[in-house]
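Visitor: Below are the sequence and a predicted model for it; my questions follow.
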Amino acid sequence: MDIYRVGGSVRDELLGLDVKERDWVVVGATAEQLEDAGYRRVGKDFPVFLHPQTGEEYALARTERKTAAGYHGFEVHACPDVTLEEDLARRDLTINAMAIDSDGQLIDPYGGREDLAKRQLRHVTQAFAEDPLRILRLARFAARFAKLGFRIAPQTMELCRRMVDAGEADALVPERVWQELSRGLMEPSPQRMIEVLRECGALEKVLVEVDDLYGIPQRSDYHPEGDAAKHTLLALEVAANHGMPLAVRYAVLLHDSGKAQTPCAELPSHPEHDVRGEQLSEAASERLRVPRECRDVARIVARYHLHAHRALQLRPGTIVELLERLDAFRRPQRFEYFLLACKADYLGREGVASHAEYRQGVLLRRALDAAQEITAKEFVERGMRGPEVGEAVRQARCQAVAELL
């Protein structure tokens, strides 16, 4: 058997990037031979094994043949007569279809190294069109390498458009969409992922709540950058540049979704877009089966981000009420994520420095710290009971925030 290092580790090494994990392809072997050598099989659909010492993934060389719509309809052929070139041909992009042999020689049958030099994302063969998930992967790689100057080859973008027009993207299932979307959101330029999906028509299929924001006007005194989609992408860029976590980035992506449903007579203002946005955020999270933390943060950001922006003008009692609605006393981590998303929203506008201070967030953090010093214990010790205790705690918290202000 012959063993080759393939895929992302080869690509990243040629780009001068840190190699985080290595994948291998085995040519000329059977599953039984690998198992006899101590490899542990882990792939259900594909012949993938873990190395007995390193734990790295080793896959038998294989080919795939499209048998039905979507990405489930594939027939996999893995046997000793499958060549390395045939295995590489089934991969998505040329920059991911290179290999290195045991002597350290690069094997590049599809021009991946040249595309690296051109900073180009290009599909390997027309087989790309057989798997709609590759549209999302392409968008994710565009988000990963945007700062290195990578662009999508025109013929690859055109192929993606044809795939969407043919209904291939309709076959995507929520779990796989979220898997790629969440990974793309954590890339250095997640806004580029959204742009790519929009350009090929897939955003409407994947996240219609964001797609609908394109062309929606906003008040120029608040948003000189123009339509609501552009603001969303600017805010998402801020979240990425500040290294914010996934739950925050997802919340930023959906925070203004309610603006797409503003009645035409109200434009360019967006009254009650926070209420509508909460509903749309919940609908998107339900459809994509988003994890609870991301779902909860997105919901409260959509509903209460305007309250946070007005924090410097709020009365003490209103601030305490906001903290209660956000469940900040019991869930301080979620509250912190809320403030981070609001900061990205506030800074994600033309004319605002991307590292300016978000004073409202500073105030609300201090308000929570001051209010948390007040507990029910001291009032119970005074003999208070039931609702009387709760009211006393609330009044004391309002006083603590008033003193802070």
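Guide: Received, thanks.

Visitor: Let's see stretch 93-112 as CSV, backbone CA atoms only.
Guide: Output of stretch 93-112 as CSV, limited to C-alpha atoms (Å, rounded to 0.1, in the frame of the first residue of the first chain):
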residue,chain,number,x,y,z
LEU,A,93,-11.5,22.7,-4.7
THR,A,94,-8.2,22.4,-6.5
ILE,A,95,-6.4,23.8,-3.4
ASN,A,96,-7.7,20.9,-1.4
ALA,A,97,-6.9,18.3,-4.1
MET,A,98,-3.1,18.0,-3.6
ALA,A,99,-1.1,15.3,-1.9
ILE,A,100,2.4,14.7,-0.7
ASP,A,101,4.1,11.2,-1.0
SER,A,102,6.4,9.5,1.4
ASP,A,103,9.4,11.2,-0.2
GLY,A,104,7.9,14.6,0.3
GLN,A,105,7.1,15.2,-3.3
LEU,A,106,4.0,17.2,-4.2
ILE,A,107,1.4,15.5,-6.4
ASP,A,108,-0.9,18.1,-8.0
PRO,A,109,-2.9,16.7,-10.9
TYR,A,110,-5.5,19.5,-11.0
GLY,A,111,-3.5,22.7,-10.6
GLY,A,112,-4.0,23.4,-6.9
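
Visitor: Tell me the buried residues in that stretch?
Guide: Buried residues in stretch 93-112, counted by 16 or more other Cβ atoms under 10 Å: 93-100, 107-112. To be clear about C-beta, it is placed using only N, CA and C from the backbone, and glycine gets the same treatment.

Visitor: list the contacts for the residue most central in space within the chain?
Guide: For the chain, L185 is the residue whose C-alpha lies nearest the centre (Cα atoms, centre = their mean; 2.4 Å). Counting by Cβ atoms under 8 Å, 6 or more residues apart in numbering, L185 touches 193, 236, 246, 249-250, 253.

Visitor: Go again with 10 Å.
Guide: Going by Cβ atoms under 10 Å, 6 or more residues apart in numbering, L185 touches 140, 143, 191, 193-194, 236, 239-240, 244-250, 252-253, 294.

Visitor: Check which helix or strand the nearest residue in space to R394 that is not next to it in sequence maps to.
Guide: Residue nearest to R394 in three dimensions, not counting chain neighbours: V320, with 6.5 Å by Cβ to Cβ, 6 or more residues apart in numbering. Assessed by DSSP states H and E, V320 sits inside helix 316-325.

Visitor: The helix or strand just after that helix versus helix 316-325: what angle between them?
Guide: Remark: after helix 316-325, the chain's next helix or strand is helix 332-347, criterion DSSP H and E. Using axes from the mean of the first three to the mean of the last three Cα atoms, to 10 degrees, the direction of helix 332-347 lies 120 degrees away from that of helix 316-325.

Visitor: before we move on, back to that, how much space between the residue nearest to R394 and K205?
Guide: When distance is defined by Cβ to Cβ, to the nearest Å, V320 is 43 Å away from K205.

Visitor: Those two: which is more packed in?
Guide: The neighbour count for V320 versus K205, taken as other Cβ atoms under 10 Å, is higher for V320 (28 against 20).

Visitor: Kindly provide the whole-number mean pLDDT of the helix holding V320.
Guide: Averaging pLDDT along helix 316-325 yields 96.

Visitor: And the residue nearest to R394, how far from E21?
Guide: For V320, the distance to E21 - Cβ to Cβ - is 48 Å.

Visitor: Over to D170?
Guide: 32 Å.

Visitor: so the residue nearest to R394 touches L404, yeah?
Guide: No. Look at V320 against L404 with Cβ atoms under 10 Å: they stay out of range, at 11.1 Å.
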